[in-house]
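Enquirer: return atomic coordinates for the entry below.
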Amino acid sequence: MLVLIQRPPLPDAQPWAGRRGLAALDALAWPAGWLLALTHAPAPTGVFGRVLTAFIVLCAIHRLHRALWMNHRYRFTTWKWGKLVAVLMLTGWLLKTLQP
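Expert: Down below sits the predicted model:
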């Protein structure tokens with residue numbers, strides 16, 4: 001049996017001063033981090049690395065387009081993943097400080 005569940009689209013984001021610039025920075029920072037991690041891979045990546053580089057560049061162009069021209073649809077990646085990292089760091093800090 002195939003069950004398809006369609007979620008309603010997220011509402012448009014509220015515009016505020018500086019949102020477009022921060023969105024462009026966020027849109028380019030994450031692919032730049034991916035490229036940095038790829039270039040510092042411990043083993044040679046060969047053709048796979050070149051294909052992955054091209055894919056990352058295409059993702060960066062798509063993200064930048066959404067951040068600049070479809071800003072009401074852009075969602076901040078740093079905010080999404082930053083909350084998760086902050087919770088994990090807080091958990092680690094609590095575990096470290098509460099040990100007898």
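Enquirer: next SSE after the host helix or strand of Leu38?
Expert: For Leu38, the host element (DSSP states H and E) is helix 19-39. With elements assigned by DSSP H and E, the helix or strand that comes after helix 19-39 is helix 46-69.
Enquirer: same for that following helix, what does it pack against?
Expert: helix 19-39 (3 or more CB pairs under 8 Å, 6 or more residues apart in numbering; DSSP states H and E). Every C-beta, even on glycine, is put in place using the N, C-alpha and C of the backbone.
Enquirer: what does the helix it packs on contact?
Expert: 13, 45, 49, 52-53, 56-57, 59-60, 63-64, 66-68, 71, 74, 76-78 (CB atoms under 8 Å, 6 or more residues apart in numbering).
Enquirer: can you select the buried ones from those in ChimeraX?
Expert: Only the buried members of the contacts of helix 19-39 end up in this ChimeraX selection, burial being decided by 16 or more other CB atoms under 10 Å:
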select :56,60,63,64,66,67,74,76
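Enquirer: can you pull the contacts of His72?
Expert: Asp12, Ala13, Pro15.
Enquirer: His40 too?
Expert: So His40 contacts nothing (CB under 8 Å, 6+ apart).
Enquirer: by mean pLDDT, point me to the weakest helix or strand of the chain.
Expert: helix 77-97 (a mean of 93; mean pLDDT, DSSP states H and E).
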